[in-house]
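Asker: here you go, sequence then predicted model.
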Amino acid sequence: MRVTAFGPFAGSQDVDFDALSSAGLFLLHGPTGAGKTSVLDAVCFALYGAVPGARQSPGTVLRSDHAEPHVFTEVLLELTVGGRRLEVTRRPQQDRPKKRGSGFTTEKAQTWLREYDPAARTWQSLSRSHQEIGEELGQLIGMSREQFCQVVLLPQGEFAKFLRSDAEARGRLLGRLFDTRRFAAVEDRLAELRRTAERQVKDGDERLLAFAQRMAQAAGGDAGEWPLPDARPGDPGLASDVLQWAAVARAGARERLDIATAAAAAAESRQAATRSAADEARRLAALQERYAQARAEVEELTARRAEQEALKARLDTARKAELVSPALEWREQAQRDHRTATAERDRSRARLHPDLADAGADQLAALERRMRQDLGALDSARRAERRSAEIDTERAALDQRARADEDVLTDTAGWLAGWEGARLAHQARIDAAHEAAARAEHLAGRLEPARRRLTAARERDAAEARLATAERRHADTRDAANAAHEHWLALREERLLGIAAELAAGLRAGEPCSVCGSAEHPAPARPGTGQVDRATEDAAQRAYRDADTARVDAEAALASVREELAGTRAEAGTAGVAELADEAEELRREHAAAREAAGGLHEAQVSLAAAEREYEQRLAAQRTAQQSVAARTASREALDREQASLERELSQARAGAASVAEQAALLEHRADILAEAAEAVRAVEDSAERLKEADGRLSQAAFRAGFDTPDAASAALIDERGQRGIQHRIDAWQHAYATVTARLAEPETAAAGAAPPARTEQCAAEATAAERALRDAASALSAARSRATELDALSGRATEETRRIGPLREQYERVARLAGLTAGTSADNERKMRLESYVLAARLEQVAAAATARLQRMSGGRYTLVHSDARGGRGRAGLGLHVVDAWTGRERDTATLSGGETFFASLALALGLADVVTDEAGGARLDTLFIDEGFGSLDDQTLDEVLDVLDSLRERDRSVGIVSHVGDLRRRIPAQLEVVKNRTGSTVRLRGTGGA
């Protein structure tokens with residue numbers, strides 16, 4: 001073993017256990033704190049990646065405080081186990097100086113495992129995985145870390161505690177060593193099954209009790225007569241008690257149902273009788289009320305008889321006055337016509353000249369005809385007036401055209417004055433557009449190459465990035481192909497080295513060998529560990545070919561990128577993308593501006609052509625306007641002469657009016673007034689004659705109808721609607737009087753009027769009380785029926801639940817018995833011993849037997865260790881340990897041994913336990929044991945006997961290392977490993993083995 005920067009060891013220290021073990025018994029000694037135990041810790045750390053449990057804690061630091069910062073903490077252990085020679089190297093997680101800069105960085109834990117190949121005489125790497133190495137070593141050693149620390153690194157103090165501890169403490173230690181977790185798992189499984197079955201049974205009982213509670217609620221107030229059974233979930237007799245209680249509740253509910261049925265029938269009979277009596281009382285009360293109302297109506301109608309007679313007389317007078325109605329209507333119409341005609345005549349006369357206020361109809365008609373004659377004489381004047389107006393319109397049109405011609409002449413003169421400048425400006429625009437077109441063509445020839453250079457520059461930069469990726473990929477694939485090639489060649493060489501075993505695998509008895517030709521094969525070669533076959537070599541060859549194909553592809557891709565990069569560099573040159581982008585953008589803007597300027601060429605040419613056409617049009621318009629001015633002068637003079645002649649004629653016809661039309665309208669208006677006045681005078685004369693005739697006819701008609709004067713007949717007159725109203729009132733009174741008289745004559749009404757008053761309120765109260773009693777009885781019946789039905793249903797469900805939980809209860813009782821037996825709580829388990837304790841007790845018997853073989857030699861045949869399964873106090877039995885003293889013949893507890901006796905008893909127990917644990921674990925036997933301290937309590941004779949026992953272990957090819965600082969052991973044990981401590985860290989030295 002080589003330890004570096006571990007615990008108290010600052011540098012690298014080598015320990016040759018082969019040299020120490022050759023003596024069979026060796027001593028590991030040194031002063032307190034030198035690091036004796038750290039040597040054992042290093043062995044445990046190399047095998048399991050952790051120190052023994054007693055010294056393993058979250059704050060444990062394995063790195064030596066004396067070590068240099070750049071030295072890694074490391075343990076290298078070479079061991080032979082199961083016929084295999086292995087080398088395991090472990091580095092814990094530790095801080096190291098940073099390679100760059102100051103400070104420290106954390107280095108992760110690392111592990112290496114190698115195996116020595118005697119045929120090749122080289123070390124072969126097996127793994128660098130913590131998990132794989134741990135599993136590999138665990139399978140080879142066959143022990144956990146705790147077992148290894150108890151079996152190989154024998155802690156004396158722990159076994160002394162084991163001798164004096166109680167059964168529970170011994171059980172914990174033995175359980176860790178013999179791995180009795182499966183028996184504890186059986187106990188836990190049975191306990192879990194018991195809890196599950198118990199929970200299922202209790203759930204079923206709770207549902208059963210819930211049904212009972214629901215039945216009690218359904219029974220209502222009757223439940224007090226049948227109290228629920230006093231039982232809890234899980235009680236054995238709960239189901240039968242609930243079913244018995246349910247049967248009693250159902251019987252009581254059926255009895256209550258029969259009583260409620262009888263009570264409802266009686267209430268229904270009473271309700272029918274009281275309802276019939278109440279109906280009869282209400283009928284009598286209605287008849288009596290009808291009789292009283294009829295008597296009151298007769299009295300009221302009798303009091304209104306005089307009023308009815310007056311209405312009849314008035315209706316007769318109105319019907320006589322209807323004979324005078326036509327004459328009255330004619331006279332009123334004649335009077336209205338006369339008033340209307342008189343008003344119209346007065347209105348017409350008010351519009352006449354005062355001299356004509358009393359003129360008759362004939363005079364007014366003559367004046368009207370003369371006015372009409374004067375109106376006809378104005379037709380010629382109207383025509384002259386219209387022609388004069390037309391002349392005014394023509395002169396206005398001439399003036400308008402004159403102003404328009406003047407505007408044309410003024411505008412044309414101004415426009416023609418600026419024509420030459422405008423023409424030159426249009427020509428300049430055309431010339432500028434031609435120049436812009438030529439410049440745009442030139443810039444277009446420069447723009448496209450600039451864009452190609454920009455694109456090439458971008459592709460050049462992208463190709464440079466891809467080139468780096470392609471170079472890395474080419475290097476990776478080249479390295480991978482080389483590694484695959486080397487791996488294939490190595491496997492091929494290994495296969496050739498073991499080709500004999502491969503050929504031997506194809507040998508058949510009686511068939512000749514393909515190498516030597518012999519038909520006998522006395523000792524065919526056997527494949528060694530890690531033999532390489534043809535399939536493995538072929539797979540490696542295929543992997544190499546695939547890797548080489550990937551290398552060729554990567555090389556082709558790299559060449560393609562380089563070729564592309566050369567082309568883009570030739571196109572783009574060395575200019576940057578930003579510079580070329582700015583240059584292309586500047587050319588694009590200049591080209592766009594030139595194209596935009598050149599685009600105005602057509603517009604400028606069109607504008608020049610339009611301006612030339614406008615020039616010709618304005619010259620023509622100027623000539624036309626000048627000709628129009630001369631023609632209008634002659635026309636205006638002719639119109640002036642014609643209008644002067646017409647004005648002289650119109651002045652005579654207007655007679656002072658503003659116009660001929662105004663004079664004609666005045667004559668027309670005067671003629672209409674005269675005609676209207678003449679007609680109004682004639683209408684007054686005619687209406688006066690008709691009014692006189694109507695007065696005579698009215699007087700005659702009133703006399704014949706029996707009225708003294710026409711006014712009396714007019715006052716008695718009533719229209720048809722009024723007569724219908726009076727007649728309706730008379731008919732209504734007569735109908736009401738006949739109806740009420742007939743009502744009083746009805747036999748039932750007359751009999752009711754003679755009978756005493758009806759008892760309606762009393763009968764209604766009795767009927768209401770009977771109705772309420774019937775409802776109460778019906779509710780009670782419905783409740784009793786529902787209660788009985790629900791109790792039947794719940795009882796059925798309770799019965800089904802009882803049948804369902806029956807098998808669960810049986811299963812629970814069976815599992816509970818087994819769980820109690822394995823847990824040591826059952827009455828059948830007399831010693832109260834758990835299953836795990838029972839198994840550990842058997843193991844303790846084996847340990848006690850193995851330890852006794854050495855204890856008798858150490859104690860001179862005096863002491864024997866025996867296992868006891870007796871109970872101590874209230875505790876459980878099974879893990880007791882006693883010592884039998886041959887001198888007294890008595891058995892006593894191991895706690896009564898003296899200090900020296902306790903040491904060799906615990907040593908014997910540790911050695912026996914190591915043998916039993918090794919056999920139990922089924923792993924490879926380790927040839928070296930370490931015993932830590934405890935020898936200082938022995939006298940010389942006992943120490944000799946103990947050393948003889950330890951020395952006898954060599955008979956089983958085992959060596960023992962004793963860790964102690966006792967000076968006498970250094971004289972008795974020549975092979976020694978001394979741990980020397982100093983200020984710079986501890987060191988180790990071999991003594992008595994030929995090493996230094």
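Answerer: Sure thing, it's come through.
Asker: show the average pLDDT along stretch 210-221.
Answerer: For stretch 210-221, mean pLDDT rounds to 69.
Asker: any weak-confidence spans in the stretch 51-200 of the chain?
Answerer: 53-60, 151, 153-173, 175-180, 198 (pLDDT under 70).
Asker: residue boundaries of the helices in it?
Answerer: Ranges of helices in the stretch 51-200 of the chain, per DSSP state H, counting those that start in this stretch, are 130-141, 145-151, 156-164, 167-178, 181-219.
Asker: Ala247 and Ser795 touch, don't they?
Answerer: Yes: using CB atoms under 8 Å, Ala247 is in contact with Ser795, at 7.4 Å. Where C-beta positions appear, they are placed from N, C-alpha and C, glycine not excepted.
Asker: these two: which is more packed in?
Answerer: Shown here are Ala247 and Ser795; by other CB atoms under 10 Å, Ser795 has more neighbours (20 against 12).
Asker: show me the contacts for the more buried one.
Answerer: 215, 243, 246-247, 249-250 (CB atoms under 8 Å, 6 or more residues apart in numbering).
Asker: so it versus Leu287, what's the distance?
Answerer: Separation of Ser795 from Leu287 (CB to CB, to the nearest Å): 60 Å.
Asker: ok, Asp461 next?
Answerer: In terms of CB to CB, Asp461 sits 121 Å off from Leu287.
Asker: next one: Thr799
Answerer: 66 Å.
Asker: gap between the helix or strand Ala842 falls within and the chain center?
Answerer: Using DSSP states H and E, Ala842 falls within helix 835-858. Taking CA atoms, centre = their mean, to the nearest Å, one finds helix 835-858 lying 64 Å from the centre of the chain it belongs to.
Asker: show me what it is packed up against.
Answerer: Judged by 3 or more CB pairs under 8 Å, 6 or more residues apart in numbering; DSSP states H and E, the packing partners of helix 835-858 are helix 167-178, helix 181-219, strand 863-868, helix 899-921, helix 940-952.
Asker: what angle separates it from helix 181-219?
Answerer: Inter-element angle recorded for helix 835-858 and helix 181-219: 150 degrees (by axes from the mean of the first three to the mean of the last three CA atoms, to 10 degrees).
Asker: Ala437 and His602 touch, don't they?
Answerer: No: Ala437 is beyond contact range of His602, at 10.8 Å (criterion: CB under 8 Å).
Asker: which of those two has more residues huddled nearby?
Answerer: Looking at Ala437 and His602 with other CB under 10 Å, you find the greater number of neighbours at Ala437, namely 17 against 11.
Asker: what sits closest to that one if chain neighbours are left out?
Answerer: Once flanking residues are discounted, Ala437 sits nearest to Ala598: 3.7 Å by CB to CB, 6 or more residues apart in numbering.
Asker: distance of that neighbour from Arg423?
Answerer: When Ala598 is compared with Arg423 (using CB to CB), they lie 22 Å apart.
Asker: who has more neighbours, the two?
Answerer: Neighbours around Ala598 and Arg423, counted as other CB under 10 Å, are more numerous at Ala598. The numbers are 19 against 14.
Asker: got phi/psi on the more buried one?
Answerer: phi -70, psi -30 (degrees, to the nearest 10).
Asker: in contact with it, which residues?
Answerer: 433, 436-437, 439-440.
Asker: how close does it sit to Ala432?
Answerer: According to CB to CB, Ala598 stands 9 Å off from Ala432.
Asker: and if you look at Val884?
Answerer: From Val884 to Ala432 the distance is 134 Å (CB to CB).
Asker: which residues touch Pro92?
Answerer: Neighbours of Pro92 in contact, by CB under 8 Å, 6+ apart: 45, 62-63, 73, 109.
Asker: swap that for Val532, please
Answerer: By CB under 8 Å, 6+ apart, the neighbours of Val532 are 491, 494-495, 498.
Asker: and of those residues, the nearest to His353?
Answerer: Of all the contacts of Val532, His353 sits closest to Leu491, with 154.8 Å by CB to CB.
Asker: so that closest one sits against Ala535, correct?
Answerer: No: assessed by CB under 8 Å, Leu491 is found out of contact with Ala535, at 10.7 Å.
Asker: lowest-scoring secondary structure element of this protein by mean pLDDT?
Answerer: helix 156-164 (a mean of 61; mean pLDDT, DSSP states H and E).
Asker: now, of the contacts of Pro92, which are buried?
Answerer: 45, 62-63, 73 (16 or more other CB atoms under 10 Å).
Asker: quick check: the farthest pair among the residues you listed?
Answerer: Phe45 and Arg63 (11.8 Å).
Asker: need the residues touching each of those two.
Answerer: With CB under 8 Å, 6+ apart, Phe45 and Arg63 have common neighbours 6, 92.
Asker: perfect, I'm done here.
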